[in-house]
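S.K.: below is the sequence, then the predicted model.
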Amino acid sequence: MVDVPYDARADAPPAEVPEVELYHPRSWWTQYVFSQDAKVIAIQYSLTASAIGLVALVLSWLMRLQLGFPGTFSFIDASQYLQFITMHGMIMVIYLLTALFLGGFGNYLIPLMVGARDMVFPYVNMLSYWIYLLAVLVLASTFFVPGGPTGAGWTLYPPQAVLSGTPGQDWGIVLMLVSLILFIIGFTMGGLNYVVTVLQARTRGMTLMRMPLTVWGIFTATVMALLAFPALFVASVMMLFDRLLGTSFFMPALVEMGQQMKYGGGSPILFQHLFWFFGHPEVYIVALPAFGIVSDLISTHARKNIFGYRMMVWAIVGIGALSFVVWAHHMYVSGMHPKFGFFFATTTLIIAIPTAIKVYNWVLTLWRGDIHLTVPMLFALGFIITFVNGGLTGLFLGNVVVDVPLSDTMFVVAHFHMVMGVAPIMVVLGAIYHWYPKVTGRMLDDWMGKFHFWVTFLGAYLIFFPMHYIGLLGVPRRYHDIGEAAFIPSSTHTLNAFITVMALIVGFAQMVFLFNLVWSLFRGRPSGGNPWRATTLEWQTPETPPGHGNWGKELPVVYRWAYDYSVPGAAQDFIPQNQPRTTPAVQGAAP
Amino acid sequence: MSAIILFMAVMAVIAGWWLSQQRLTAKPWLEEGSIDDFPGTGAITLPAAKLGLGVFLAVAGSLFALFISAYSMRMNMMDWRAMPVPSLLWFNTGVLVLSSVALQWAHVAARRDDMDGVIIGLCAGGASAITFLIGQLLAWQQLRAAGYFVASNPANSFFYMMTAAHGLHLMGGLVALGRATARVWRGAEMAQVRLSVELCTIYWHFLLLVWLVLLGLLTGWTDDFVDICRRLLT
């Protein structure tokens, strides 16, 4: 076959969207602090989320010290224990994971991966970060107000969240609700950006079906978050009314300390419906970006195209839609009609189908791949295993008859920490090892990375596997001190001490990671533009780290999907998305 | 939760319709090269601001649908006492309709390159929206004077909360409207003004629709409909 000289530019359709006029920072302040550049905003989001996440990590140590060695640490009383639980849960789910996946990775990766210069509304994007920061500061301030933070549990169920028996009744609960409202306003501003940028600012040739799965995951999660967070907003506003203005949206008639309270007739169940209408999609708001990112990590580091790309996209969209009709499986013990429970158990178990499709496709992507056990790949593999483990106990708990006895035991704690704590954090860590070279131009240290992975991965299992067992024994959650009970064997106390020691060790490994982040910034090996030899657009920028406007003079043009790895006959084992075909005769890569 | 489920179903239909146009069954690994053969699969060509407004309306719609859901669940409890509707609300509704009409006028004028018409429309729309807000505050005062306080009954609480939420959204719209008017005042080109006017008009129509739904709910006209929805789901 003769190579025909081929003008690739002729293949590119004309620009459908006019070039956006970029804002240009004029001073140090507008370049690094009040920046409207999505990359800077992404780093700001990530650092803020990590900082408040460290607070939550320390809180988990304190809780574990109390559970492992009850009575030893006199400074942790029952009220404080409840406050630690509440703040740990709320920070980890909302202020760390949601903010990091959408505000951090979303801001950094969406414009780069779809070939845009920036988000479409940079000013609103900047506001989004500053409102998020304000929300975090309001939340952190509750540690210092009289009465301390609320101890209502991260679900903030009324009536107890508002009553005086709960710690933080004065200021804690009010500031918590205000902080949530601020977070939602800030997130909505960012979310508008992520969605519209994907819809409207994709570069030429970037069809939806050529987008990397990372963008699919973050995009779908953002759409879900935009529709689900209003439920938390409404619930927070109504509870603020109850707490401050004395309305009775959620508060039933109550007698407190012998006094009839002013409340009457309200419905705590109404709050639970609103909360979980947000709360369940929230699980997938965190999981879908993780699904997307892990698909890209596996494909890149196994040098193989993702197996069943279309199925992966459909599964993401399907999970997103289904997650809105399963919320009441968190309320099996609220006294609901059994037929309701049956309906929600069914929808819950149906979600296992698209999720299982994704797991199979990851495993099949690995099958006969050229697997490089790099640190990102290790974390991706750790995610798959952990997600399957956590997902299986989810199948148990999705059934009403199994859930009722296990509800409010440590089994539930172990389940959601596996599926929603450890699994997404594995992806976050893997993604940081993967994209750190693009953000800083230097590689993270490999030895420290492997140490970090093995201690975190094995440690997480040594923490949460025994916790399942403790839960099956019937040890309740949220108890400051389980004390002596006939159904709790004394070996439980030994196990609890063991879990605590493991939790401290895993926490220590995170300090090694933090050290690695700082050390590699100055001493890391220079990475070059594309150290993983990846196909997606963010690795093809003219500069590393990408400059202002991302792409130099001209936007990239996309000619192929994101997974052309190990294409037979190609010169290299990857073909970047923006590389035109060399001859018009070659049609298609290997499926 | 029937209102929000209904709303989500509508959103799902819109999203499904759009996705069905996007060739989600394509096999991207076989389609190397130009996308010329598949028109319409590139980026959406609407202006970003218009698309952004559309997404924001979905968020705001979800918010109000949730308020309505909470309302329809709470109104079933024993202590619910329906509240009298101050007749001032009818006047306010009329003013809000006028506000929408005025902005529609400005929108049409902008398309016809009639700058005077745009200015008249924007000012009239803004003035009547402010009148509406003042009217709402007066309605609150009348209710308070008559002893219907925010905490005395859940029906009252919902009334104050939902009118406040609607009012705050309208105030946000007034900021945008003010900026558009200022731009016209400074003598901006018609091409620049046209989009801002159109966006304000869409937002105003949306808020009018929300207000009519809320009014129907608060006056009890839609009680039968709410009841049917509730029975469908239980």
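M.R.: Happy to help now that I have it.
S.K.: how about the contacts made by residue 80?
M.R.: All of this is about chain A. With Cβ atoms under 8 Å, 6 or more residues apart in numbering or on different chains as the criterion, the residues that contact A:Gln80 are A:Leu62, A:Gly148, A:Gly151, A:Pro167. No exception for glycine: its C-beta is placed from N, CA and C like everyone else's.
S.K.: should've been chain B
M.R.: Contact criterion Cβ under 8 Å, 6+ apart gives A:Gly265, B:Arg74, B:Asn153, B:Pro154, B:Ala155 as the residues in contact with B:Trp80.
S.K.: filter those down to the ones in helices?
M.R.: Within those, membership in helices is found for B:Arg74, B:Pro154, B:Ala155, as judged by DSSP state H.
S.K.: what is the strand or helix carrying B:Trp204 packed up against?
M.R.: For B:Trp204, the host element (DSSP states H and E) is helix B:190-219. Secondary-structure packing of helix B:190-219 (3 or more Cβ pairs under 8 Å, 6 or more residues apart in numbering or on different chains; DSSP states H and E): helix B:48-74, helix B:88-111, helix B:115-145, helix B:154-185.
S.K.: taking helix B:154-185 as reference, get the angle to the shortest one.
M.R.: Between the direction of helix B:88-111 and that of helix B:154-185, the angle (axes from the mean of the first three to the mean of the last three Cα atoms, to 10 degrees) works out to 30 degrees.
S.K.: buried ones in helix B:88-111, by neighbour count?
M.R.: Within helix B:88-111, the residues that qualify as buried by neighbour count (16 or more other Cβ atoms under 10 Å in any protein chain shown) are B:88-89, B:92-93, B:95-96, B:98-100, B:102-107, B:109-110.
S.K.: kindly report the same for the longest one.
M.R.: Residues of helix B:154-185 classed as buried by neighbour count (16+ other Cβ under 10 Å): B:154-163, B:165-167, B:169-170, B:173-174, B:177, B:180-181, B:183-184.
S.K.: near chain B at all, the helix or strand hosting A:Val58?
M.R.: Counting by DSSP H and E, the secondary-structure element that holds A:Val58 is helix A:38-68. No: looking at helix A:38-68 against chain B by Cβ under 8 Å from any Cβ of the partner chain, there are no contacts, and the closest approach is 14.0 Å.
S.K.: and the next element down the chain from that helix?
M.R.: helix A:78-90.
S.K.: alpha carbons of that following helix, as PDB, please.
M.R.: These are the backbone C-alpha positions of helix A:78-90, laid out as PDB (Å, rounded to 0.1, in the frame of the first residue of the first chain):
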ATOM      1  CA  ALA A  78     -19.300  10.700  75.600                       C
ATOM      2  CA  SER A  79     -20.400  14.100  74.200                       C
ATOM      3  CA  GLN A  80     -17.000  14.600  72.500                       C
ATOM      4  CA  TYR A  81     -17.100  11.200  71.000                       C
ATOM      5  CA  LEU A  82     -20.500  12.000  69.400                       C
ATOM      6  CA  GLN A  83     -19.100  15.300  68.100                       C
ATOM      7  CA  PHE A  84     -16.100  13.500  66.600                       C
ATOM      8  CA  ILE A  85     -18.300  11.000  64.800                       C
ATOM      9  CA  THR A  86     -20.500  13.800  63.400                       C
ATOM     10  CA  MET A  87     -17.600  16.000  62.200                       C
ATOM     11  CA  HIS A  88     -15.600  13.000  60.900                       C
ATOM     12  CA  GLY A  89     -18.500  11.800  58.800                       C
ATOM     13  CA  MET A  90     -19.700  15.100  57.500                       C
END
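S.K.: could you pull out the buried residues of it?
M.R.: Buried positions in helix A:78-90, judged by neighbour count with 16+ other Cβ under 10 Å: A:Ser79, A:Gln80, A:Tyr81, A:Leu82, A:Gln83, A:Phe84, A:Ile85, A:Thr86, A:Met87, A:His88, A:Gly89, A:Met90.
S.K.: nearest to chain B among those?
M.R.: Comparing the buried residues of helix A:78-90 against chain B with Cβ to the nearest Cβ picks out A:Met90 as the nearest, at 20.5 Å.
S.K.: not counting sequence-adjacent ones, nearest residue to that closest one?
M.R.: A:Trp154 (4.6 Å; Cβ to Cβ, 6 or more residues apart in numbering or on different chains).
S.K.: with B:Ala48 instead?
M.R.: Leaving aside its chain neighbours, B:Ala48 sits nearest to A:Val120 (4.1 Å; criterion: Cβ to Cβ, 6+ apart).
S.K.: what's the neighbour count on the residue in chain A positioned nearest to chain B?
M.R.: Across chain A, no residue is closer to chain B than A:Gly265, which sits at 3.3 Å (Cβ to the nearest Cβ). Neighbours of A:Gly265 under the rule other Cβ atoms under 10 Å in any protein chain shown: 16.
S.K.: no further queries at this time; thank you.
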